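**Q** turn this into a model:
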Amino acid sequence: MAKDFEMGYLLDFYGEVLTPKQREMLNQYYNDDLSLSEIGENFGITRQGARDAIKHGETALKELEAKVGFAARYRRVQEKLEELEQLVIDARFECTGPYAKLTTTEYAATLTKMLGIIRSMDEVNES
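**A** The predicted model follows:
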């Protein structure tokens, strides 16, 4: 299942580099969950022909990701943004309202951690 999710993610990210036929076959296979036989029928080819086209498309997407790595880099940045967002939400809750309990030192430490995450996003883009 994780492999299916990963290939669907690569298809969403790089799908435009494939031929329209390859893109649609991969879309039907990974996103619409059609069988190879159903895809072959949709395109007027054999099950084996559908499998071969899908395998070629998968290879193209994997090779592109291995070369440029944009999808993985994007995912890492998104994770950092989610982490940063949660820190902001937590700090806002801890610093405001009747239940505010964050000390100045703790608040400064949270801000330092946020700044570290922001700075690490540049490092994420370089890796």
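**Q** and residue 87, how many neighbours does it have?
**A** 15 (other C-beta atoms under 10 Å). For every residue, glycine as well, the C-beta is placed using N, CA and C.
**Q** from here on, count from 41
**A** All right, first residue 41 from here; so that's residue 127.
**Q** center of the protein, which residue is that?
**A** In the chain, the residue lying closest to the centroid (C-alpha atoms, centre = their mean) is residue 115, at 4.5 Å.
**Q** can you tell me the element that residue falls in?
**A** According to DSSP states H and E, residue 115 maps onto helix 110-135.
**Q** ok, the residue nearest to the centre of the chain - contacts?
**A** Neighbouring residues of residue 115 by C-beta atoms under 8 Å, 6 or more residues apart in numbering: residue 49.
**Q** and the helix holding residue 115, how far out from the chain's middle?
**A** 15 Å (C-alpha atoms, centre = their mean, to the nearest Å).
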